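**Student:** All I have is the shape, not the residue letters:
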């Protein structure tokens, strides 16, 4: 029986696990290792930080959803990968594998800019559950004593979407509270222009975002790098100083430490078009953990975002390659990864499609409307229901 | 009986006078001093300069509308204010006051740029009745022998609206005469971009104005300062030379000379949020006469416009504070001043709302349509009818 | 009987010939000299280069359409004009004239940029029938092995329209083949901004084109000059290098060599408002052959386009002047030339009107829609049917 080990219990890990189980049944012995005991529906963390969701609304216990599918769950942190002897190392054990799927997601690099982040710095972050809860508390305090808000993404960021969602939600919520006029909102980003999203824009996304920010009277500063954050001020490299009462900035990402022996210098794992490690043929990697080249260099460095949809697509494709190999069948073709996502805008939302993610594209779409807000709300429930029953989302 | 003296017979002066009378009745002895014997509905001066209005259509005799309300009218120029002894000084008399309301409006600073203005320069101006009449004559002469037109606002201007209205009216009227192709029209402004209006823009005002000027094929040069005006040429600081047959430029404004002893170095009166003089507690000031900080510094200096609506709002608020003080009641709260106005665009018009005027705002709107042109025409008649009966416009 | 000689067998030559015949009948002996034996409907060459038209769909034999109208056709190249003795010189003969109409069209200046053009360079061209056929073959080869495409107009170009049409058609055709994602398309132009078209833009043409290119995810580089073309790379003056598998660039134009003795240094013929040579009063010139000043200097040099409609208008006006002179009647007024054209956009098209072409304008319009695509297709058939019967197009 082939031993397959998966590191990571989010979109990539669960999709890999369920898909491998579906394709291989009893031919495979599947183990999932994760340092958290919960699946977190990360796309809803901005809503949680606004107080629109509670943790229990958007999490599921991993043990409970893996056990019925006969997938072993080890709730431990992976400390390293010994690719030579094909073992994953944790604090308490060494887990041998025939195939390894690395789906660890990113490590947040708050050290990229002095004063960045909520732990050793002065800015909120909504990329992880515990940080998003802190951000929610900061937001509730802020509502009682409002002041200037600065939201954005520092140099080196690849995941811009949540910063956009957050700033639109802030604007919406302040209007609902009738205190929008008490809060100057500024959006600062390393993208060369708003609507770039790290993917060179999406059709008329630039114009659409320019109009949206203008319409909401949110000031935009694009193509910016941050020098440092002070307790109540953002200091940009161009000398501009922006005072704030509340700041939320997306941090850059790197790969996690556990995979440093099999990753590139930035910690990301080099893979081929089948998501197979370029050197170690029995290691696959999917999601934020992989190295992905940006479509074009930008004046201020930026990276390519990897959304949940992309991660699931990669996990599906990688699982099929592994299963084909085990079953002795020809390796299937994989298409360059595309993406569909819905960006929340507080009182409305935007549907985006990019196939592939990196231009030139076969299909690209961006459309805004209240219907997409409803769709995003429905999708959250639907996804959680489906994954809780061991079903994957994509065909 | 409390003696209240008001300097100024336009929006601020009349609104103060009528509101104080309404609130205080016989408790107050109200005197209005004005160097003009007519109320001029200033928002219609651009129409007058096009020949669309006659002076008698948009003026009212001050004596006739003040007498029925038992408000004394002194048709003299205020020469100075002796704040120490609480007296207004004219050429013939000294008028003592318990409260003074300064609603003098601005003094036009044609000396700001060599060659600016119709008196000692080469450009028309539509900010005062007599100047607008000269502009009308110049326009009628121009129609017989057309050539290039340059319209705009020099550095230091705060009131941009009439320049926009004038350039759109010129374009409309030339099309009506079938001679648009004989006239190159250029719009030159000190705003960092068109649609800034001295208030940091209003939602999508920038895009809207860019499209409007493009659609009319009016060339735009924003973020410009003027070096000097020659008899037939505008010389910009960046070296550009624009020949003209007709030029209309908004001048900067300062406070009037009469209040120089109680004003800041630019001639504007420093007031608190109740429009009360920061030093002399029995002096209030409303409208263009007050000092108001711009929302943001601009590369080329600009100021904040003060519209008729804003002036009336200030006058109402100041009157209520004075009346409360006289009646021994608590001073009411005053909100930061907002504005509603309709900008004429010749064949259409745009409704603008900004609450407050300076961002961040609770409410902001900009919409164009023929209905707003009709509304603007109706409002002119309605306002003149109402003020002629001693009624103020705002609640 | 007055001898009238016309050089050129395209829009200008045929329209002049037919109109002079109509106005003068047997009073005139009309000879048309052309180095080609076919009339080519040049506006359809972009379609031919896509494989959407065959040569026989868009050409007519000159002999066959001129003979019924009793116009003599000489199928020879004009080698020179002896304005002193009023003779056109060909390789085999000297043809004397009382009036000469120069309607030669342009000479394409591929030498303007090293590597430009299909003969001694590496880029396709769709401005002449034989070149467009080469471009079609290159396109069909390209479809089998696609790669990056660069389309544009080098410095000094005046005729930008076909480059726009070509890039939109490329995009449309690649989508129809389902391979748009395999082709990075870049549009490089010497216009200061897209939608300038060499005429200072047309109402909101800039915004419209920016949105159109964004919507199609075609990258735009405006205000650019080309240093040189390598076999597989465009090298811009600003240092940018754009690799290509297929490149199509509009070349600059000059007048043809045959008229160099009567032209300005660039080879264009100086004419007055009646299209009469400024020096030789019995020589007229129409179409691309004439000198026409641009509306404004551009940072990178550009010229004014002369469309088929413009050429026909000039030819009509010139013919009327000649006929009036021969008939001893007063010379009619001629209006500055305007233009109507339909720009193909592959799956849609845009109607443009500019009266006059050079701003300020009496009438200007730009509108996109599928109906204009149908209109363009109908017009092609209609024009070919009409000219084949010796009828001109304009009133």
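**Tutor:** In hand now; what should we look at? Computed from a prediction, not measured in an experiment: that's the story for all the values here. Residues are numbered from 1 along each chain as shown, chains lettered A, B, ... in the order given.

**Student:** Going by C-alpha atoms from here, please, whenever you check contacts or count neighbours.
**Tutor:** OK.

**Student:** where does chain A have low pLDDT?
**Tutor:** The model of chain A has no residue with pLDDT under 70.

**Student:** which residues in it form helices?
**Tutor:** Counting by DSSP state H, chain A has helices at residues A:11-24, A:45-49, A:62-66, A:129-144, A:161-176, A:205-215, A:308-326, A:370-388.

**Student:** Using TSV, lay out those helices together with distance to chain B and mean neighbour count.
**Tutor:** What follows is those, written out as TSV (distance: least, CA to the nearest CA, whole Å; neighbours: other CA atoms under 10 Å in any protein chain shown):
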stretch	distance to chain B	mean neighbour count
helix A:11-24	39	25
helix A:45-49	23	25
helix A:62-66	45	19
helix A:129-144	15	18
helix A:161-176	7	20
helix A:205-215	4	18
helix A:308-326	33	23
helix A:370-388	20	15
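
**Student:** Tabulate those (JSON lines), appending distance to chain C.
**Tutor:** Converted to JSON lines, the helices of chain A look like this (distance: least, CA to the nearest CA, whole Å):
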{"stretch": "helix A:11-24", "distance to chain C": "26"}
{"stretch": "helix A:45-49", "distance to chain C": "29"}
{"stretch": "helix A:62-66", "distance to chain C": "38"}
{"stretch": "helix A:129-144", "distance to chain C": "35"}
{"stretch": "helix A:161-176", "distance to chain C": "20"}
{"stretch": "helix A:205-215", "distance to chain C": "8"}
{"stretch": "helix A:308-326", "distance to chain C": "18"}
{"stretch": "helix A:370-388", "distance to chain C": "20"}
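
**Student:** mind putting those helices in JSON lines, distance to residue A:270 included?
**Tutor:** Converted to JSON lines, the helices of chain A look like this (distance: least, CA to CA, whole Å):
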{"stretch": "helix A:11-24", "distance to residue A:270": "16"}
{"stretch": "helix A:45-49", "distance to residue A:270": "29"}
{"stretch": "helix A:62-66", "distance to residue A:270": "28"}
{"stretch": "helix A:129-144", "distance to residue A:270": "28"}
{"stretch": "helix A:161-176", "distance to residue A:270": "24"}
{"stretch": "helix A:205-215", "distance to residue A:270": "30"}
{"stretch": "helix A:308-326", "distance to residue A:270": "14"}
{"stretch": "helix A:370-388", "distance to residue A:270": "28"}
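
**Student:** To residue A:192, which of those lies closest?
**Tutor:** Closest approach to residue A:192 among those (CA to CA): helix A:205-215, 10.3 Å.

**Student:** Could you find the closest non-adjacent residue to whatever residue of the stretch 201-350 of chain A ends up closest to chain C?
**Tutor:** Nearest residue of the stretch 201-350 of chain A to chain C: residue A:203, at 4.3 Å (CA to the nearest CA). In this structure, residue A:203 finds its nearest non-sequential neighbour in residue C:215, 4.3 Å apart by CA to CA, 6 or more residues apart in numbering or on different chains.

**Student:** buried ones in stretch A:271-288?
**Tutor:** Buried residues in stretch A:271-288, counting neighbours by 16 or more other CA atoms under 10 Å in any protein chain shown, are found at A:271, A:274-278, A:282-288.

**Student:** can you give me the end-to-end distance of stretch A:29-46?
**Tutor:** 36 Å (CA to CA, to the nearest Å).

**Student:** Figure out how far that stretch is from the centre of its chain.
**Tutor:** 12 Å (CA atoms, centre = their mean, to the nearest Å).

**Student:** Could you do stretch A:98-110 as well?
**Tutor:** Relative to its parent chain, stretch A:98-110 has a centroid offset of 12 Å by CA atoms, centre = their mean.

**Student:** How about stretch A:279-288?
**Tutor:** Centroid displacement of stretch A:279-288 relative to its chain, using CA atoms, centre = their mean, is 18 Å.

**Student:** Ends of that stretch, what's the gap?
**Tutor:** 19 Å.
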